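Chemist: sequence and predicted model, in that order:
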Amino acid sequence: LQAHLDNSIVHLTCIIGVPPSIVDYKQWKDMFAITNSAYCLTSSSTFINSYIPAEAGHVRTLSIKYLKTCFHLTISYDRGTTKFPHSVYTIHFTTLKGQSFLIEGNNATAESATGEYILQALLNMMKLVGQLHFSRIASDSAGNMKLAQQLVCAAVPTIIPMADVCYHLNLLCKDLLQLSMFTTVIKHIRAIVSFSARLEGIGKTQFATICALAISVQWCLPALRELINNPQKFKFPPKASMVDLLKKHSHAGTLFELDLNHLVKVQSPIEKSIICLESSQSDLSDVYKFLLAIMSMLKQLFDDSSHGFTKEEKKQIHAVVNKCFCEIIQEGPADCYIAAFFLDSHKSPSNCMSPSLNPLTPTITIPSPIPCTPEETVPNQRVFGHVMKYLKTVIKPEWKSKDNPMLKGLTHLQVQESFVCQLHCYACLQYPFDAPVKAGQSILSWWTHLTWIPEGAVLACITQKIFSVKPNDMPEKCTMSIFTQMNSALRNHQQVQILADMMQIRQWHM
C-alpha cells in the first residue's frame, strides 16, 4: 500500500505539474488521516531526492528499450532558461507516429554551449538507440544550433538536416510587424490589451501571438465599443485617447479598424499555416503547399484594390515574404520540401509545379488532382532535375551505410540506374506508380507498399524515409511550455534535473 500510494503521488505531481511540496501541507495530511490512517506520510524531500529521480530513471530505461524498436526517428534540440536562472538544453526523440520522448534536459549554465559541445551531447544520446535509427535532425536557426546540425550530419550522413519551419514562419510574422505600416496599430493593440484581461495574451513559447491578439481585438471591438458608450454601466476608466480610438465612426477609430484589418489580412494566412504545420499529422510536402497558400492569399489580397494597400506597402510585404521563402526553400539546408511536394502522389507529379520554384512569380497555378496521361518524356525537366539532384544526396549515404534492406546487395551502378528509371516512371505515372491513392490512405502508406515491388523499391525506400519525418520542432516547444508552467515565479529555485525528471514521467504516463 505504501509503495503504491507513493508511486501514485509521484505520477500525480508530475502529470498535473503541482509542486511535490504539496505533501507537506496540513490539508494533505488531514485528507490521508481521514481516508487511510495506515498510510505513513512521506515528506516532499524524499519525493524530490529519491522517488521522482528513481521513477524517471525507470521511465528512461523503458523509453530507450521502446525506441530501439523504432526507425525513422527524429532528433530535435533547443535551448531555454529557468527562473533560477539556469540554461537548459533539451533533446527529444520523436517516432514516425508522432510520439515524443525527452531524453535529456542538460544544465549548460556553466558550459560554453558551442556547436562542438552540442554535437557531443547529441551523439551521446543517439548512441543510446543507435545512430542509424535516425532519419532527421531539427533545430532553430541560432548559430551554434546550425553548426551542431552540420556537424551531426557530417558524422551521420544518413540523417536529413532540417530547420524548424514553424520557427521560420514565426520570424516572418515578426519581420512583417517591423514594417512602418503596422507600427501604430500594434501600439494601439497593446494599449487595449493593457486594460482588458479577456483578450488573447502574448506568450514567449507561442508563435504568431501578435496576430492572434489582433484577431481577438477585432472580434471584441463591438463589445469594447459598448463599454465606451455605456461608462456608467461598466467600471471602465480608459484614457481620453482610448475612448476616441474605440468610439464608433470617430476618425481615430475608423483608421484603427482599417489598420487592424490590414494586419489581420496579412498575418492570418501565416498564423493558420503555422497552426497546421505544428500538427503531428503534417509531413514535409505540406511545407511547400502552405508556402504556396500564403503567397496565393497575399496575391488575392493585393489584387483586390478595395483593401487599400498602396504600391509601396505591397512592395515592402513582398520583399519580407520573399526573403523568408528564400531562407526556407532556396537557401535552406536541404531541398527536401520541394522533393516531398513532387513525391506527394495525391497530385500529378509532372504538372504539380510551375517552372519557377519561387511562388512569388506573377501567377501561381495549383493543378487539378486528375492524373495526367503518361508520356515518355518528363514535362517539367527543370523541376525533375532539381528533385533528382536532391534525392541522389539522400540515396547515396543510404547505400553506403549498407543498413537499408532494399539497397543491400546492389552495386552502385545498379542503384543509380534503378533510381533514375523509377523516378522517371513516377514522373510519367507509369507502373508501379500509376496505382491511385485509396480513400483514407496516407502517402507514407502508399510509398511503404511500393517498397515490396521490385520495380519501385529503390525510389520508395528513400521516399518512405522522407515522409516518415515531421517538418516541425514541436516537442521542444511543448516541453518548454510545460517547464514554464512548472517553473513558476514561486518555484524559482527548482533545479533543471528535477524539471527534466518530472517531464519524462509526465510524457510516459500520459
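Modeler: Here it is on my side, so go on.

Chemist: where does the stretch 401-510 of the chain have low pLDDT?
Modeler: Residue ranges of the stretch 401-510 of the chain with pLDDT under 70: 489-490, 492.

Chemist: what about the helices in it?
Modeler: 412-427, 443-450, 457-467, 474-486, 496-509 (DSSP state H, counting those that start in this stretch).

Chemist: tell me which of these is the most buried.
Modeler: Ranked by mean neighbour count, the helices of the stretch 401-510 of the chain are led by helix 457-467 with a mean of 24 (mean count of other C-beta atoms under 10 Å). For the C-beta atoms, the positions are set from N, CA and C on the backbone; glycine is no exception.

Chemist: pull the residues that contact it.
Modeler: With contact meaning C-beta atoms under 8 Å, 6 or more residues apart in numbering, helix 457-467 is reached by 72, 135, 160, 283-285, 336, 339-340, 343, 391, 394-395, 398, 404, 406-407, 410, 415, 418-419, 422-423, 426, 443-444, 447-448, 450-451, 453.

Chemist: what about stretch 66-74, start to end distance?
Modeler: 15 Å (C-alpha to C-alpha, to the nearest Å).

Chemist: buried ones in stretch 426-435?
Modeler: Buried residues in stretch 426-435, counted by 16 or more other C-beta atoms under 10 Å: 426-430, 432-433.

Chemist: in a markdown table, list the residues you listed along with distance to L62.
Modeler: Formatted as a markdown table, the buried residues of stretch 426-435 follow (distance: C-beta to C-beta, whole Å):
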| residue | distance to L62 |
| --- | --- |
| Y426 | 40 |
| A427 | 45 |
| C428 | 48 |
| L429 | 45 |
| Q430 | 46 |
| P432 | 40 |
| F433 | 40 |
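
Chemist: can you name the two of those that are farthest apart?
Modeler: Spanning the widest gap among those are A427 and P432, at 13.6 Å by C-beta to C-beta.

Chemist: the lowest-mean-pLDDT helix or strand in the chain packs against which elements?
Modeler: Of all helical and strand segments in the chain, the minimum by mean pLDDT, DSSP states H and E falls on helix 240-246, at a mean of 75. Secondary-structure packing of helix 240-246 (3 or more C-beta pairs under 8 Å, 6 or more residues apart in numbering; DSSP states H and E): helix 183-193, helix 209-229, helix 251-277.

Chemist: buried residues, the shortest one. List them.
Modeler: Within helix 183-193, the residues scored as buried using 16+ other C-beta under 10 Å are 185-186, 188-189, 192-193.

Chemist: pick the one among the residues you listed closest to C220.
Modeler: For the buried residues of helix 183-193, the residue nearest C220 by C-beta to C-beta is I192; the value is 8.6 Å.

Chemist: wait, that closest one touches L224, no?
Modeler: Yes - if you go by C-beta atoms under 8 Å, I192 and L224 touch, sitting 7.1 Å apart.

Chemist: between these two, which contacts overlap?
Modeler: Joint contacts of I192 and L224 (C-beta under 8 Å, 6+ apart) are 217, 246.

Chemist: which helix or strand contains E398?
Modeler: helix 381-401 (DSSP states H and E).

Chemist: that helix vs helix 457-467, what angle?
Modeler: Calculated by axes from the mean of the first three to the mean of the last three C-alpha atoms, to 10 degrees, helix 381-401 forms an angle of 90 degrees with helix 457-467.

Chemist: list the buried ones in helix 381-401?
Modeler: Neighbour-count burial for helix 381-401 [16+ other C-beta under 10 Å]: 383-384, 386-388, 390-391, 394-396, 398-399.

Chemist: what lies in contact with it?
Modeler: By C-beta under 8 Å, 6+ apart, helix 381-401 touches 132, 157-158, 160, 334-336, 338-339, 342-343, 353, 355, 357, 378, 404, 407, 410, 412, 415, 419-420, 423, 427, 458-459, 461-462, 465-466.

Chemist: redo that, cut-off 7 Å
Modeler: 132, 157-158, 160, 334-336, 338-339, 342, 353, 355, 378, 404, 407, 412, 415, 419, 423, 427, 462 (C-beta atoms under 7 Å, 6 or more residues apart in numbering).

Chemist: do stretch 275-292 as well
Modeler: 98, 165-166, 273, 325, 328, 336-338, 340-341, 344, 359, 364, 366, 443, 466-467, 469-472, 474.

Chemist: ok, and for it, which residues are buried?
Modeler: Using 16+ other C-beta under 10 Å as the test for burial, stretch 275-292 gives 277-278, 282-292.

Chemist: can I take it that T46 is in a strand?
Modeler: No - counting by DSSP: H, G, I helix; E, B strand; the rest coil, T46 is not found in a strand; it is helix.

Chemist: look up how far I75 lies from G130.
Modeler: Distance, G130 to I75, using C-beta to C-beta, to the nearest Å: 12 Å.

Chemist: give me the more crowded residue out of the two.
Modeler: Remark: of G130 and I75, I75 carries more neighbours, 26 against 13, as counted by other C-beta atoms under 10 Å.

Chemist: next, the more buried one: phi, psi?
Modeler: Phi and psi for I75, reported as degrees, to the nearest 10, are phi -110, psi 130.

Chemist: over to the one 3 residues further on?
Modeler: When read as degrees, to the nearest 10, the backbone of D78 gives phi -160, psi 170.

Chemist: my guess is it meets I91, correct?
Modeler: No - look at D78 against I91 with C-beta atoms under 7 Å: they stay out of range, at 8.7 Å.

Chemist: ok, back up a step: give me the buried subset of the contacts of stretch 275-292.
Modeler: Counted by 16+ other C-beta under 10 Å, the contacts of stretch 275-292 give 165-166, 273, 325, 328, 336-338, 340-341, 344, 359, 364, 443, 466-467, 469-472, 474 as buried.

Chemist: and stretch 211-221, what's buried?
Modeler: Neighbour counts over stretch 211-221 (16+ other C-beta under 10 Å) mark 211-218, 220-221 as buried.

Chemist: kindly report the same for stretch 78-98.
Modeler: Buried residues in stretch 78-98 (16+ other C-beta under 10 Å): 78-80, 82, 84, 86-96.

Chemist: shaky segments in the chain?
Modeler: Applying pLDDT under 70 to the chain flags residues 1, 110, 195-206, 231-241, 330-334, 345-379, 489-490, 492.

Chemist: how does it look with 50?
Modeler: Along the chain, segments meeting pLDDT under 50 span 333, 359, 368-376.

Chemist: keeping just the C-alphas, turn the strand or helix carrying Q120 into PDB.
Modeler: Under the criterion of DSSP H and E, Q120 resides in helix 115-127. Taking C-alpha atoms only, helix 115-127 is exported to PDB below (Å, rounded to 0.1, in the frame of the first residue of the first chain):
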ATOM      1  CA  GLY A 115      28.400  23.800 -31.700                       C
ATOM      2  CA  GLU A 116      31.000  21.100 -30.700                       C
ATOM      3  CA  TYR A 117      29.600  20.900 -27.200                       C
ATOM      4  CA  ILE A 118      26.000  20.400 -28.500                       C
ATOM      5  CA  LEU A 119      27.400  17.800 -31.100                       C
ATOM      6  CA  GLN A 120      28.800  15.600 -28.300                       C
ATOM      7  CA  ALA A 121      25.600  15.800 -26.300                       C
ATOM      8  CA  LEU A 122      23.600  14.800 -29.400                       C
ATOM      9  CA  LEU A 123      25.900  11.900 -30.500                       C
ATOM     10  CA  ASN A 124      25.900  10.500 -26.900                       C
ATOM     11  CA  MET A 125      22.100  10.500 -26.800                       C
ATOM     12  CA  MET A 126      21.900   8.900 -30.300                       C
ATOM     13  CA  LYS A 127      24.200   6.100 -29.300                       C
END
